[in-house]
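Q: Everything below, folded, please.
(chains A and B)
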Amino acid sequence: NAGVMQNPRHLVRRRGQEARLRCSPMKGHSHVYWYRQLPEEGLKFMVYLQKENIIDESGMPKERFSAEFPKEGPSILRIQQVVRGDSAAYFCASSPLGYNEQFFGPGTRLTVL
Amino acid sequence: GDSVTQMEGPVTLSEEAFLTINCTYTATGYPSLFWYVQYPGEGLQLLLKATKADDKGSNKGFEATYRKETTSFHLEKGSVQVSDSAVYFCALKGDGANSKLTFGKGITLSVRP
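A: Alright, predicted model coming up:
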């Protein structure tokens, strides 16, 4: 069973461009979480999704950020009009229904020039 | 809201030294507690967990005991190795399946030969 997959692993964008980060959960996992790790800090929760539903987006910035987890395909975290402060590592985790543990992907490291 | 506090780092130890990394938490109800490890350039791996008071999680020589009376989950290892050099994160998950993780800031451990 393959682990959580994220791509790209590294992404470079210029200010004002859009960034799209993809996350494919482990097989059989219907819950996806996105976390952001700023330099020298711990991970901060952003959003929790099930297929076609956003369950908890309390950690998402109010503007420019959006997330989806369609019926088919990976979960997408989208950042519009990126700014330098968006530079961070973005981690995706997945879990099955009713399970305590979350399994993390390798992360996407976003650099905004 | 929920929070996790880890001792300040970084920590540098000689090989075979004893390791303690302190972690305390604030949460309502009965959270589950976790230690995650992050090796350079990689994602997070679950190291150990405990789901109720007085549970002891253990893995790879590491141990932590869920102490509800002191709201703590300190990580210990009797004899560290160079390969243990990594960033260690304490985290909690609130009541209810599939809820988000709240992380501490993490602490960098370096082990010298």
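
Q: hey, let's count contacts and neighbours off CA atoms from now on
A: Fine.

Q: got a pLDDT number for the residue nearest to A:Leu97 when sequence neighbours are not counted?
A: Nearest residue to A:Leu97 in three dimensions, chain neighbours excluded: A:Ser30, at 6.4 Å (Cα to Cα, 6 or more residues apart in numbering or on different chains). The per-residue pLDDT reported for A:Ser30 equals 90.

Q: Would you mind measuring from A:Ser30 to B:Thr26?
A: 29 Å (Cα to Cα, to the nearest Å).

Q: what do you get for B:Gln6?
A: 12 Å.

Q: The two: who's more crowded?
A: B:Gln6 (22 against 14; other Cα atoms under 10 Å in any protein chain shown).

Q: quick one: that one and B:Gly104 touch, right?
A: Yes - contact criterion Cα atoms under 8 Å: B:Gln6 and B:Gly104 qualify, at 5.7 Å.

Q: got any residues that touch both of these two?
A: Overlap of the contact sets of B:Gln6 and B:Gly104 (by Cα atoms under 8 Å, 6 or more residues apart in numbering or on different chains) consists of B:Cys90.

Q: Quick check: beta-bridge partners of the spatially closest residue to B:Ile21 that is not a sequence neighbour?
A: The shortest distance from B:Ile21 to any residue other than its chain neighbours is 5.0 Å, reached at B:Leu75 (Cα to Cα, 6+ apart). Beta-bridge partners for B:Leu75, by DSSP bridges, are B:Ile21, B:Ala64.

Q: Per-residue pLDDT of B:Leu75, please?
A: pLDDT at B:Leu75 comes out at 98.
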